[in-house]
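Q: Build me a model from this:
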Amino acid sequence: MASSPFHPAPHSQSKKPLGRMADWFRQALLKKPKNVPISSESHPSGDSQLASQDSAPPPSLRSVRSSTPPPTCVDTSSSGRWSKDYDVYVCHSEDDLADAQELVSYLEGSSAQLRCFLQLRDAAPGGAIVSELCQALSSSHCRVLLITPSFLCDPWCKYQMLQALTQAPGAEGCTIPLLSGLTRDAYPAELRFMYYVDCRGPDRGFHQVKEAVMRYLQTLS
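A: Okay, the predicted model is just below:
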């Protein structure tokens, strides 16, 4: 009978620590879910930023790409034109210098601004005549032959005509005869295989000469 009062007391005291431990665990468990949304919101936001950076370039890069100009198309005719010093070599006799100067003035003053070689103006002083003429012929795309009675009587003019035909035998449109003061029968036999420009036409045929030179320049590559 004496031992019975002592057992309930220790049993009731042991329940209090257990109840406190259970309450602490419950509070700890209740606190953990509060922290979970914070971490779960931060990580997906970082992943979404990385995904957006991988899927599309930043605005600065997009603006650079859109502002890049397309390649420009290079004009092959103009690039070939500058491969030589002159566009036109004007071959004339000494007696026809005034007519040759008018032709050169017309070609150089046109919108095309053709570069012409005129012997008495552009030949190097002191240079050998043959060397200067051959160098000028090879440095010119087109050759205009001002064929007159004086041209046919000038051995230097005939030399230049034959030299022009030799340097470019198969280049159609490269040599342009300009017939002045002569009939068709007097047209040189060496040039019978090509058409000539008649000075009796409008503006003395200068416009036709310019158009012929421009057509040839457009064929250059």
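Q: Residue 216 and residue 168 touch, don't they?
A: No - using CB atoms under 8 Å, residue 216 is not in contact with residue 168, being 10.3 Å away. (Each C-beta comes from the backbone N, C-alpha and C, glycine too.)
Q: anything in contact with each of these two?
A: Shared contacts of residue 216 and residue 168, defined by CB atoms under 8 Å, 6 or more residues apart in numbering, comprise residue 174.
Q: Compare those two (neighbour count), which wins?
A: Per other CB atoms under 10 Å, whichever of residue 216 and residue 168 has more neighbours is residue 216, with 21 against 16.
Q: so where does that one fall, helix or strand?
A: Residue 216 is part of helix 206-218 when elements are defined by DSSP states H and E.
Q: got the contact list for residue 94?
A: Shown in contact with residue 94 (CB under 8 Å, 6+ apart): 150, 154.
Q: that older thread, which other helices and strands contact the helix holding residue 216?
A: Applying 3 or more CB pairs under 8 Å, 6 or more residues apart in numbering; DSSP states H and E, we find helix 206-218 packed against helix 76-81, strand 86-91, helix 97-109, strand 140-147, strand 175-179, strand 197-198.
Q: Give me the angle between the fifth one and helix 97-109.
A: Think strand 175-179. Orientation check (axes from the mean of the first three to the mean of the last three CA atoms, to 10 degrees): strand 175-179 against helix 97-109 gives 130 degrees.
Q: residues in contact with strand 175-179?
A: In contact with strand 175-179 (CB under 8 Å, 6+ apart) are residues 103, 142-147, 164-165, 168, 187-188, 191, 194-199, 205, 209, 212-213.
Q: List only those of those flagged as buried.
A: 103, 142-147, 164-165, 168, 188, 191, 196-197, 199, 205, 209, 212-213 (16 or more other CB atoms under 10 Å).
Q: Buried residues, stretch 156-173. List them.
A: Neighbour counts over stretch 156-173 (16+ other CB under 10 Å) mark 157, 160, 161, 163, 164, 165, 168, 173 as buried.
Q: picking that back up, tilt between the helix holding residue 216 and strand 140-147?
A: Going by the same axes, to 10 degrees, helix 206-218 makes 150 degrees with strand 140-147.
Q: got the angle between helix 206-218 and strand 86-91?
A: Angle of helix 206-218 versus strand 86-91, following the same axes, to 10 degrees, is 130 degrees.
Q: got the contact list for helix 206-218?
A: Outside of helix 206-218, the residues within contact range by CB under 8 Å, 6+ apart are 77, 80-81, 87-88, 102-103, 106-107, 110, 112, 114, 141-142, 144, 173-174, 176, 178, 197, 201.
Q: Stretch 193-203 now?
A: 106, 147, 172, 175-181, 187, 205, 208-209, 212.
Q: can you do 10 Å?
A: By CB atoms under 10 Å, 6 or more residues apart in numbering, the list of residues contacting stretch 193-203 from outside reads 99, 103, 106, 144-148, 165, 172-182, 184, 187-188, 204-212.
Q: Could I have the CA atoms of that stretch written out in CSV?
A: Included here for stretch 193-203 are C-alpha records, laid out as CSV according to Å, rounded to 0.1, in the frame of the first residue of the first chain:
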residue,chain,number,x,y,z
PHE,A,193,35.2,45.2,-141.3
MET,A,194,33.8,47.7,-138.7
TYR,A,195,31.2,50.5,-138.9
TYR,A,196,32.3,54.1,-138.6
VAL,A,197,30.7,57.3,-137.3
ASP,A,198,29.9,60.0,-139.9
CYS,A,199,30.8,63.5,-139.0
ARG,A,200,28.0,64.8,-141.2
GLY,A,201,25.5,63.7,-138.6
PRO,A,202,24.1,65.7,-135.7
ASP,A,203,26.8,67.4,-133.5
